[in-house]
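In: Have a look; sequence and predicted model below, questions after that.
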Amino acid sequence: DAKTTQPNSMESNEEEPVHLPCNHSTISGTDYIHWYRQLPSQGPEYVIHGLTSNVNNRMASLAIAEDRKSSTLILHRATLRDAAVYYCILRPGNTGKLIFGQGTTLQVKP
Amino acid sequence: DTGVSQDPRHKITKRGQNVTFRCDPISEHNRLYWYRQTLGQGPEFLTYFQNEAQLEKSRLLSDRFSAERPKGSFSTLEIQRTEQGDSAMYLCASSTRMQSSYNSPLHFGNGTRLTVT
């Protein structure tokens, strides 16, 4: 399984944008890039996913590098409720499972 | 859509006892996954079903663990002869099949926390 590398932790101020980076230099052509987040005492929650093009949804944006070896999850205006562990995951196109890494713990300061 | 439901939320058991957890997926989701999560770590894949068929099982899953999904709806995860190292949060997730794509999002429950004393 291809691996991802994320910073252990990041801090942000409330109502400011947050850019969460992820490196995946061994990504293969059929791997999708998925992001999930996990709030304290809850199961992980789907955020967004993409293959090659940048993606936007109501929660966040996903910017994918042209060579696909890195990506960035963008929260446009962080709120206190966005404080969570964010996981960047490569999901092969031919398998159902997700392989989680350590993730990035995001702290949001008021 | 009531979400993925797991029962019980907490379970305390003595070493050597058997435990069984139940997961009710979102209605009509045909894929169901089990994960285990220990403190400070990301969720660890255990196994997954498509309908009633168990399609993949982690090598980390010892013979003491067994999962079933007999009618393609709810699933059970049983741990026999529990050990202290089995203490963890056990998470269930489900997803729907979108044509031949495996990229439909996983919807997770809030887990069953197992403590083995």
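Out: Arrived safely.
In: From now on I want contacts and neighbour counts done on CA atoms only, so please keep to that.
Out: Fine.
In: Next, count neighbours for the closest residue to chain A within chain B.
Out: Nearest to chain A, among the residues of chain B, is residue B:110, at 4.5 Å (CA to the nearest CA). Here the number of neighbours of residue B:110 (other CA atoms under 10 Å in any protein chain shown) works out to 21.
In: who touches it in this structure?
Out: A:41-43, B:4-6, B:9, B:91-92 (CA atoms under 8 Å, 6 or more residues apart in numbering or on different chains).
In: I'd like the distance from residue B:38 to residue B:113, if you could.
Out: 10 Å (CA to CA, to the nearest Å).
In: looking at the contacts of residue B:110, which has the most residues close by?
Out: Neighbour-wise, these (other CA under 10 Å) top out at residue B:92, 32 neighbours.
In: Sticking with that residue, tell me its helix or strand.
Out: Element membership of residue B:92 [criterion: DSSP states H and E] is strand B:88-95.
In: what's that strand packed up against?
Out: Here strand B:88-95 touches strand B:31-37, strand B:107-108, strand B:112-116, going by 3 or more CA pairs under 8 Å, 6 or more residues apart in numbering or on different chains; DSSP states H and E.
In: Show me what the last one is packed against.
Out: With contacts defined as 3+ CA pairs under 8 Å, 6+ apart, strand B:112-116 has these neighbours: strand B:10-13, strand B:88-95.
In: Run through who's touching the first one.
Out: The reference is to strand B:10-13. Residues external to strand B:10-13 that are found in contact with it (CA under 8 Å, 6+ apart): B:19, B:112-117.
In: and the most centrally placed residue in chain B, what does it touch?
Out: Geometric centre of chain B, nearest residue: residue B:34, 2.8 Å, by CA atoms, centre = their mean. Neighbouring residues of residue B:34 by CA under 8 Å, 6+ apart: B:45-48, B:90-93.
In: Could you give the bridge partners of it?
Out: Assessed by DSSP bridges, residue B:34 has beta-bridge partners residue B:47, residue B:92.
In: Also residue A:32?
Out: Here residue A:32, judged by DSSP bridges, has bridge partners residue A:91.
In: That one against residue A:90, yeah?
Out: Yes - if you go by CA atoms under 8 Å, residue A:32 and residue A:90 touch, sitting 5.6 Å apart.
In: Please tell me how far residue A:21 sits from chain B.
Out: Shown here: residue A:21 relative to chain B, a distance of 17 Å by CA to the nearest CA, to the nearest Å.
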